[in-house]
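Asks: turn this into a model:
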Amino acid sequence: MIVFRDPAEVPADFGPSVVAIGKFDGVHAGHRAVIQRARVDAATGAKVVAVTFDRNPLSVLRPEMCPASLLGATQKLQLLAETGVDATLMLRFDERLATLTPREFVETVLVRALSARTVLVGSDFRFGRGGAGTPGTLRELGTELGFRVDVVDDVRAIDTDRRVSSTWIRELLAAGDVETALKLLGRPASVWGEVVPGQRRGRELGFPTANLTPGLEGFVPADGVYAGWLVDEGSADGLRSGTRYPAAISVGTNPTFDDVAERVVEAHVLDEADLDLYGHLVEVQFVQRIRDMAAFEGVEALTRQIAEDVARVRSALA
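Replies: Now for the predicted structure:
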């Protein structure tokens, strides 16, 4: 997948293209329905392009109303690449972009840069200064400027008839319900970041952990212990691995010792006591919640509980 970060980077002969536009926060089932439709529409020879933003536009327009993102920019690009798009144009959402009128946005991004033949959006899509542009606005401009607009229907859960949305997924993760979130995402919820030294308490207890930097990407679920996977994406200097390990994952502030100021994500890789991941970039994927976070009466009780957690994780991932 080619990544462009400005319309000016797109080669003059790049098009024609079929474009899917959205925030794509989560790249969940609803987003993938839009992209899959774009791939079908492009079957006659056009390139498939995802147009998205490097941050939630609300972080610039109404920061007090901006929700926590499900994905960071690195995660979003990785997931969009997995959908099979030919290119992603990840626009930097800043004051300059926010001031473009709907027509200016369409002419600059869709017409001149991408030579769009078809543009696909969700029903709640808004664009241009003040969010003035709607799918109806886009259709009017498409008729004038030479592209078709398709509005893709919402993906809804069969049992609840609720629309699959980033808001719903955030609610689930905040409650620790990673299993339902997995169904809506079509993949495990995850965080991504560099492994950094911790207090080495896990190693002292016989269960060494990989601690992720506090500046990680992704939405951290509720405090607790989870079964999941650690994917080693290699060292920060560019060496890649891609090895996937089963892991017992802890999220929280370690209440037994009560000396951790910030919430920490740490993963104990099963059966790999000598694994050295310091300085590596890793993805930690949450598959099943094992238990709530709790304080224990001393090290011995905590060690017994961790051993039990590891056994439950092993069973959950079998």
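
Asks: quick one: the spatially most central residue of the chain from residue 53, how far?
Replies: For the chain, the residue nearest the mean C-alpha position is residue 71 (2.9 Å; CA atoms, centre = their mean). Spatial separation of residue 71 from residue 53 under the definition CB to CB, to the nearest Å is 12 Å. In short, each C-beta sits where N, CA and C put it, glycine included.

Asks: with residue 228 instead?
Replies: According to CB to CB, residue 228 and residue 53 sit 28 Å apart.

Asks: now residue 197
Replies: Residue 197 sits 34 Å away from residue 53, taking CB to CB as the criterion.

Asks: out of those two, which sits in the busier spot?
Replies: Between residue 197 and residue 53, counted using other CB atoms under 10 Å, the more crowded position is residue 53 (22 against 8).

Asks: could you report the neighbour count for the closest residue to that one other than its chain neighbours?
Replies: Closest residue to residue 53 in three dimensions, ignoring its sequence neighbours and counting by CB to CB, 6 or more residues apart in numbering: residue 93, at 4.3 Å. As a burial measure, residue 93 scores 19 neighbours (other CB under 10 Å).

Asks: how far away is residue 93 from residue 119?
Replies: Counting by CB to CB, the gap from residue 93 to residue 119 is 19 Å.

Asks: now residue 78
Replies: Residue 78 is 24 Å from residue 119, where distance means CB to CB.

Asks: these two - which one has more neighbours?
Replies: Neighbours around residue 78 and residue 119, counted as other CB under 10 Å, are more numerous at residue 119. The numbers are 29 against 17.

Asks: just name the shakiest helix or strand of the protein by mean pLDDT.
Replies: Least confident helix or strand, the chain: helix 201-205 with a mean of 66, by mean pLDDT, DSSP states H and E.

Asks: helix or strand next in line after that helix, which one?
Replies: On the C-terminal side of helix 201-205, the nearest following helix or strand under DSSP states H and E is strand 210-212.

Asks: got the CA positions of stretch 52-72 in CSV?
Replies: The C-alpha atoms that make up stretch 52-72 are tabulated as CSV, following Å, rounded to 0.1, in the frame of the first residue of the first chain:
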residue,chain,number,x,y,z
THR,A,52,-8.6,9.6,6.2
PHE,A,53,-7.1,11.9,8.8
ASP,A,54,-4.1,11.7,11.1
ARG,A,55,-6.3,12.6,14.1
ASN,A,56,-9.9,13.0,15.0
PRO,A,57,-11.1,16.4,13.5
LEU,A,58,-12.8,17.2,16.8
SER,A,59,-9.3,17.4,18.4
VAL,A,60,-8.9,20.6,16.4
LEU,A,61,-12.4,21.8,16.1
ARG,A,62,-13.9,20.9,19.5
PRO,A,63,-11.2,19.4,21.7
GLU,A,64,-13.4,19.4,24.8
MET,A,65,-15.8,17.0,22.9
CYS,A,66,-13.1,14.8,21.3
PRO,A,67,-13.3,11.1,22.4
ALA,A,68,-10.2,9.0,22.9
SER,A,69,-9.2,7.4,19.6
LEU,A,70,-9.4,3.6,19.2
LEU,A,71,-6.3,3.7,17.0
GLY,A,72,-3.1,5.7,16.5
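
Asks: return the set of buried residues in it.
Replies: By neighbour count, and taking 16 or more other CB atoms under 10 Å as the criterion, the buried residues in stretch 52-72 are 52, 53, 55, 56, 57, 69, 70, 71, 72.
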